[in-house]
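>>> Sharing a model that was predicted from the sequence below.
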Amino acid sequence: MDLAAPICIVGAGQSGIMAAAELRDLGYTDIDILEAGAQLGGYCQTAEIDGETYDFQAHLVIQQDFGADFADTAIHRLLTRHPVEMQTEALFFVGRDESGKPRSAVPPHFIPLFGLLTPDQAADQLAEAWTIIERAVRDKHGPGIAGLNFDRIPGETWETYRARHAPLVGELLQGITLYANMRRPRQPAETIININAHISGHISQLAKLILSLYPEQRAALLARMPESLLAQMSSRLPVTLSMRYGFISLLHRMVADLDLRVRVNSPVIAIEPLAPERIRVTTRVDGEPQESVYSRVIVTARPAQIREIFPAGEIHQMFAERNCPRTWTRSYLIKVADEIIEFPRKPNSPEPLGFWVIEPYGSYTDTDPEQAAHRITAVNKQHPGPYWVCFSNSDTSISDAAAWTLAKKGLYLFHDPELITETIAEWPAYPSAAAIRDGWFDRIANLQGRDGIYFTGEILSGPTAECISAFARDVIPAWFAPAGGYGDTESTA
């Protein structure tokens, strides 16, 4: 493929900007990035108050992999090339004591298990979960959540998979699952785990917790843990980081460093193949349609947007509501007068920044109607001060006022929190359990490159900056290698 050939990327969110960066690395010079919104960032949204930037959705950068100092992550490579000001964050789980007061503690859903296991059993089961995850990542046969080399029986669902593993193994794997997929019964086991840096870090932190619970047996327990887990536990790098001026600061830095061309307020309304290496892309600008012709097109939009761009045909059917049902999230920026829990901090240190998990994701269930309507899953302090960001699942059938009333019930860390601002957005829905069992990922793979049109985005890569950047790193060179390869085929598998 000619390096001067025009390429269109639909969407200027994480996936779009990171795909463009990979194309620049390959030497492509003519890239248009079309963004429907008024600024780049896509699903990433920010709010500014009192001189601070608060992130909704995209937030944490988890610098973790299997090995010393969390080496070789895709997001670390991007941050090295395009440095922005970072800040360390801390991860705390919050439970309640018998009186109902909040306390920083072992993740609540692990407490019953730790009471039933001996120290050796806890260490062995944690090591088994780590090994399952490490093998799935190391031996994966393709990018994204569909390429994991998962130790499962073909066709097995999550329920039966968990039942045949030791209790702590199942709880570990469920507690760090892909959010949306976990919430659907009979999800295929090979897709339930969102294999990314966050997971490996989660287990290494739990390993440290187990060691702290049994200090007299520390040496014996360490001897039961895999070398790669020990290497990560001893890393000098922080578990989590965030961007001092919001995740969008990284995207702006990449756009400037790579001289990327981003056109905002340019929603794509149609994509039509005309001939080999001729694809007409129609946008709406100031209410009027505008047409351009490209050699290749990369679509990073959400399923609902893809359905509008392709109103009929196989692509429309693949991303239809029955295969990719809509889900929603509300996020709140709140102000609190006081916090009724004291989080650990080093003496004389500044107020810590942190990600406080109020109700671990693993506690969510489809069987609770009120949870299905609206549920706060986590709150996050991104800067010192009185402001916190809250994340939720949501049902758009309830009003904003009703959602906030339900949300306040989950904010038991605070007395009478004040709502400052709210966002609601369509979550980048993942394929339904039925669609995955029917081979959805394989059929999408067979669509890649047909008529010069490709699909990326969270629906294929999984969430977090590491998943998204690693997916772009893996697929873009394969699809667009200038000297041949997938980028020159009519259809790629």
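Arrived safely.
>>> tell me, how many neighbours does residue 338 end up with?
For residue 338, the count of nearby residues is 9 (other Cβ atoms under 10 Å). To be clear about C-beta, it is placed using only N, CA and C from the backbone, and glycine gets the same treatment.
>>> Go ahead and confirm it touches residue 416.
No: if you go by Cβ atoms under 8 Å, residue 338 and residue 416 don't touch, sitting 9.8 Å apart.
>>> Helices of the stretch 1-150 of the chain, start to end?
When assigned using DSSP state H, counting those that start in this stretch, the helices of the stretch 1-150 of the chain occupy the ranges 14-26, 74-81, 111-116, 119-138.
>>> Looking at the residue nearest to residue 267 when sequence neighbours are not counted now. What's its pLDDT?
Closest residue in space to residue 267, ignoring its immediate chain neighbours: residue 36 at 3.6 Å, by Cβ to Cβ, 6 or more residues apart in numbering. We have a pLDDT of 95 for residue 36.
>>> Also the one 3 residues further on?
Residue 39 carries a pLDDT score of 92 in this model.
>>> OK, contacts around it?
Residues in contact with residue 39 (Cβ atoms under 8 Å, 6 or more residues apart in numbering) are 248, 264.
>>> Phi and psi next, for it.
Main-chain dihedrals, residue 39, degrees, to the nearest 10: phi -150, psi 160.
>>> Could you tell me how far it is located from residue 264?
Separation of residue 39 from residue 264 (Cβ to Cβ, to the nearest Å): 6 Å.
>>> Check residue 29 too.
21 Å.
>>> mind listing the helices for the stretch 251-400 of the chain?
In the stretch 251-400 of the chain, the segments counted as helices under DSSP H, counting those that start in this stretch are 303-309, 314-318, 369-373, 400-410.
>>> Could you dump the ones you listed into JSON lines with distance to residue 479 added?
As requested, those are arranged in JSON lines below (distance: least, Cβ to Cβ, whole Å):
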{"stretch": "helix 303-309", "distance to residue 479": "18"}
{"stretch": "helix 314-318", "distance to residue 479": "17"}
{"stretch": "helix 369-373", "distance to residue 479": "38"}
{"stretch": "helix 400-410", "distance to residue 479": "41"}
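>>> export those to a markdown table and tack on distance to residue 44 and mean neighbour count?
Converted to a markdown table, those look like this (distance: least, Cβ to Cβ, whole Å; neighbours: other Cβ atoms under 10 Å):
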| stretch | distance to residue 44 | mean neighbour count |
| --- | --- | --- |
| helix 303-309 | 16 | 19 |
| helix 314-318 | 25 | 16 |
| helix 369-373 | 26 | 13 |
| helix 400-410 | 21 | 16 |
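>>> For residue 461, which of the ones you listed is the nearest?
Across the helices of the stretch 251-400 of the chain, the minimum distance to residue 461, taken as Cβ to Cβ, is reached by helix 303-309, at 14.1 Å.
>>> and the closest one, what's its mean pLDDT?
When the per-residue pLDDT values of helix 303-309 are averaged, the result is 95.
>>> And the contacts of it?
In this structure, residues lying in contact with helix 303-309 by Cβ under 8 Å, 6+ apart are 10, 36, 268-271, 299, 301, 315-316, 319-321, 323-324, 326, 426, 428-429, 455, 459.
>>> could you flag which of these are buried?
The neighbour-count test (16 or more other Cβ atoms under 10 Å) marks 10, 36, 268-269, 271, 299, 301, 315, 319, 323-324, 428-429, 455, 459 as buried among these.
>>> Now flag whichever of these is closest to residue 82.
If you rank the buried ones among the contacts of helix 303-309 by distance to residue 82 using Cβ to Cβ, residue 10 comes first, at 22.2 Å.
>>> Would you enumerate the residues in contact with the closest one?
Residues 16, 34, 268, 271, 281, 297, 298, 299, 300, 301, 309 are the ones in contact with residue 10 under the rule Cβ under 8 Å, 6+ apart.
>>> Could you list the low-confidence segments of this protein?
63-72, 105-109, 174-201, 349-352, 357-372, 428-429, 483-493 (pLDDT under 70).
>>> Which residue ranges make up each domain of it?
Following automatic domain parsing, one finds the domains of the chain at 7-44+251-324+430-488, 45-85+325-427, 108-229.
>>> Kindly reformat those domains as JSON lines and extend each row with distance to residue 239.
Compiled in JSON lines, the domains of the chain are given as follows (distance: least, Cβ to Cβ, whole Å):
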{"stretch": "domain 7-44+251-324+430-488", "distance to residue 239": "13"}
{"stretch": "domain 45-85+325-427", "distance to residue 239": "7"}
{"stretch": "domain 108-229", "distance to residue 239": "5"}
